[in-house]
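Chemist: Got a predicted structure plus its sequence, pasted below:
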Amino acid sequence: MPGPPNLVAVSSSTGWRVPPDNLKPARVPPRHSRRSRGLGKFSQAEIDAARMHNSTTFATHLCAIVVFGMALLVFGAFILMPRLEDRVRSPTLLSHFSRLQAHFACQAQLQWDDKAPHTEFVGVRVDRSAPDQNHQDPFAHPAETGKLTNMAVQNNLPPSSQTLALAKKKWRDDGRCGPKFPAPGAPDFGECDPSADANEKGPCCNPRSGWCGNIRGKSWGHCPTACRHCIDFSMGGQEQHPVKRQREERSPGAAAHMKAHKWAKSDLNATPPDGFRAHQRIGIEGMAERMADEDPENRRRREFVKSMMKSAWRGYNKYAWGENELNPKAKKGHSASVFGKTKMGATLIDALDTLMIMNLTEEVAQARAWIEKDLHFTGSTYVSVFEVTIRFVGGLLSAYAISGDALYREKAYAIASKLLPAFATPTGIPMAQVNLDTGQIKNWGWASGKASVLSEFGTMQMEFEFLSLITGDNRFKDMITFVIHKVIKSRPDDGLYPNFLDPKSGRWGSKHVSLGALGDSFYEYLLKMWIFHGGRNNLGIEVDTLGRRAFDDAMATVQTHLVRTSKSGYLHLVDMRSKRVLPKMGHLACFAGGMYALAAKGAPSKVQKTYMTNARGITSTCRAAYSASRAGVGPEVMHFTDKIELRAPKKNERYYILRPETVESYFYMWRLTKEQKYRDWAWDAVQSIEKNCRCGEDGYCGLKDVFADPLKQDDVQQSFFLAETLKYLYLIFCDDDVLSLDLWVLNTEAHPLPIQNFRNPPPRLQDTTS
């Protein structure tokens, strides 16, 4: 007889299906043969109940795994991300986690108090009494009201666990200073200013990552030197940049350099020494009365040079306003690679002091209006630190020194601050290029294994020191002073300074030596810094720690190895590569005639005559090269061999790009000797430039080959044509009081700066470099 039907009881407590005890199991064929072994007999009810139990257990385990996984993700976000962010730097990912973490932290920790005018913000005391109302912070919580107070620990006190939890994410990613999540009315200090004291500006830089802010994608850039000792909130106190610390450990010289630059408030608000001059008048007022009896021909020549300046300016104003340079024929703007990809008004700033010296007041007003409104030194592009220093910083400082207008000082300070990241190298020797937005730095790819160039890092002292004097910010002076002392101390045993120096190792590069390209202005500034400090006006008085000894020592070696006289009697300067003489002289080296003339006064008695002999000889040689060309101006390179003199055998050495070096020597030789021939040679140059280089509706172009017939022009009006060439030519036909060499010293871009009258030399920076 068949058994009773299979029944299933339902538990009232759980609702799970369970078999009654009195039911007999039924035979059920197994689903899988492997699992059938040893299972015995089960009733259908038992099987159904087992299946239900298994599915429920699986769901429970699955939920537990999901919850555990989510817990791990949250743990990683809150604990691990602060350590990983400096390496991963994913803008989108970090932004989401930063907002989430800081939001919950702030909700738990922030307290608002309308009565507190100051805030202790994780170790930084900030003044909130006058917040910036022009900036609406994208991360502000609109529902919050009141003011932030007593958020965290005081300076120099160990942080609590709550403070550390809150402090782990305080780096803004929107390019501004102040708290990351301020309420309305909370402190906002505007754009992150690397030049400002971090303890007063609020958190700008992250020492842990070496970047401003915590998100690289926002293009803040590397922390410059000013932020090297900024507050590291992740550690609850101040911490030195670890990259800087590693560099100090590797390089004793860098360690001394960094040790010398603990940027205290006194460093950023220094008092200038006695004898300091910020600005002074040039002698344009009363020039007509002073020169009432001058030769009419001289007056005509001076006015003609001024008309050339007006033409060059009109072309730039009409077709390239705000651009870096002008293409006169194409009637459009032009930008050389040294300016990057931005429009920064290089010609406008370079020409500004020339306009002032020529008393072109309308043009000066145009330039000032553009500088005030449109000069913003930004852009994700690399620029030349050297060119920006001598053209932009030098031009603005000169305009300030002549006019006393604080606008030019402020703009020069803002621009120079952008250059400071270039010095963040193991040795302190700056790199050649810096990215204006990110602060990243690099050297030229062609420069002897990507080394730094002597004429570039050796030609910033005058601009940086004068900037420190007029702003009280000693970072600029101290940085470049350390560099020059280091270079002089590292001078090779043969006495010749090679053109390349590795900024990482501190070793000299390829043994190429020149007073022309790559080396020229380094030697010029060894002399002019002594003049700038007042040494030429105060002979016998120590005005600085170097004096002119470094210059005279260098010139003694140059005299032995580089000064040559050709078969026809042309005195010239040769290059050397690995102790092998290269019998050629570049147009850039023609500046040396004026340099030697300046150096003669105050030189050791045994070399005074040699200096003047070199000055006359080099200037005459460059004049001969002008006369030997069809264009009446000299080629880029002159060769001196048994078969050729004053000419360039290679086609790519025959061009002329409106360079000033020859007329620069004419200017100094006229001022210091008063020999009429130098004025006459200058007028010959004016006529040749006007005849062969005038191009377009208004403007001047270079020449592709000064020996060609017919002559062919290029299509670039160089900014230094207005800054240097026309300025020197104009001053040659002026009286000495317009720009007295007893009151002014010209930088390598012909921008005049006031000569100081220091009596007590500043202390020498300590250097432990062996």
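Modeler: Structure's in. What do you need?

Chemist: number of nearby residues for Met479?
Modeler: The number of residues packed near Met479 is 23, by other CB atoms under 10 Å. Quick note: C-beta positions are derived from backbone N, CA and C, even for glycine.

Chemist: right, and it touches Gly428 too?
Modeler: Yes: counting by CB atoms under 8 Å, Met479 does reach Gly428; the two are 7.4 Å apart.

Chemist: ranges for the strands of the stretch 251-400 of the chain?
Modeler: Chain-ordered strands for the stretch 251-400 of the chain, with DSSP state E, counting those that start in this stretch as the definition, fall at 325-327, 332-334, 382-384.

Chemist: The last one pairs with which strands, parallel or anti?
Modeler: Each strand that strand 382-384 pairs with, and the sense of that pairing, follows from DSSP bridges: strand 433-435 (antiparallel).

Chemist: Now do the residue nearest to Leu703 when sequence neighbours are not counted against Lys418, distance only.
Modeler: Excluding the flanking residues, the one nearest Leu703 by CB to CB, 6 or more residues apart in numbering is Tyr656, at 4.6 Å. Look at Tyr656 and Lys418: by CB to CB, to the nearest Å, they are 33 Å apart.

Chemist: now swap in His561 and tell me
Modeler: Computed as CB to CB, the His561 to Lys418 distance reads 38 Å.

Chemist: So which of these two has more stuff around it?
Modeler: Lys418 (24 against 16).

Chemist: quick one, what contacts the more buried one?
Modeler: Residues touching Lys418, when contacts are defined by CB atoms under 8 Å, 6 or more residues apart in numbering, comprise Phe377, Val434, Leu436, Gly439.

Chemist: So the second one is in contact with Pro421, correct?
Modeler: Yes: the pair Val434 and Pro421 qualifies as a contact (CB under 8 Å) at a distance of 5.5 Å.

Chemist: ranges for the helices of the stretch 351-500 of the chain?
Modeler: With helices called from DSSP state H, counting those that start in this stretch, the stretch 351-500 of the chain shows them at 361-374, 385-387, 394-403, 406-419, 454-457, 461-471, 475-489.

Chemist: Tell me who's in contact with Leu743.
Modeler: By CB under 8 Å, 6+ apart, the contact list for Leu743 reads Gln280, Pro754, Ile755.

Chemist: Top of those by number of neighbours, please.
Modeler: Busiest of the contacts of Leu743 [other CB under 10 Å] is Ile755, holding 24 neighbours.

Chemist: Need phi/psi at the spatially closest residue to that one that is not a sequence neighbour.
Modeler: Take Ile755 and drop its neighbours on the chain: the residue closest to it by CB to CB, 6+ apart is Val745, 5.4 Å away. The phi/psi pair for Val745 (degrees, to the nearest 10) reads phi -130, psi 130.

Chemist: how many neighbours does Val745 have?
Modeler: Burial of Val745 is recorded as 24 neighbouring residues (other CB under 10 Å).

Chemist: Can you tell me how far it is from Lys306?
Modeler: Distance of Val745 to Lys306, given as CB to CB: 24 Å.

Chemist: Just say which of the helices of the stretch 351-500 of the chain is most tucked in.
Modeler: helix 394-403 (a mean of 27; mean count of other CB atoms under 10 Å).

Chemist: which outside residues touch that helix?
Modeler: 278-282, 349-350, 352-353, 356-357, 371, 405-406, 408-409, 411-412, 415, 462-463, 466-467, 470, 723, 747, 749, 751-754.

Chemist: now stretch 524-540
Modeler: 275, 458-459, 461-462, 465-466, 484, 541, 543-544, 546-548, 550-551, 554, 591, 595, 598-599, 601-602, 742, 745-748, 753, 755-759, 761.

Chemist: Contacts only, for Thr613.
Modeler: Leu571.

Chemist: buried sites along stretch 322-330?
Modeler: Applying a neighbour-count criterion of 16 or more other CB atoms under 10 Å, one finds Glu323, Asn324, Glu325, Leu326, Asn327, Pro328, Lys329 buried in stretch 322-330.
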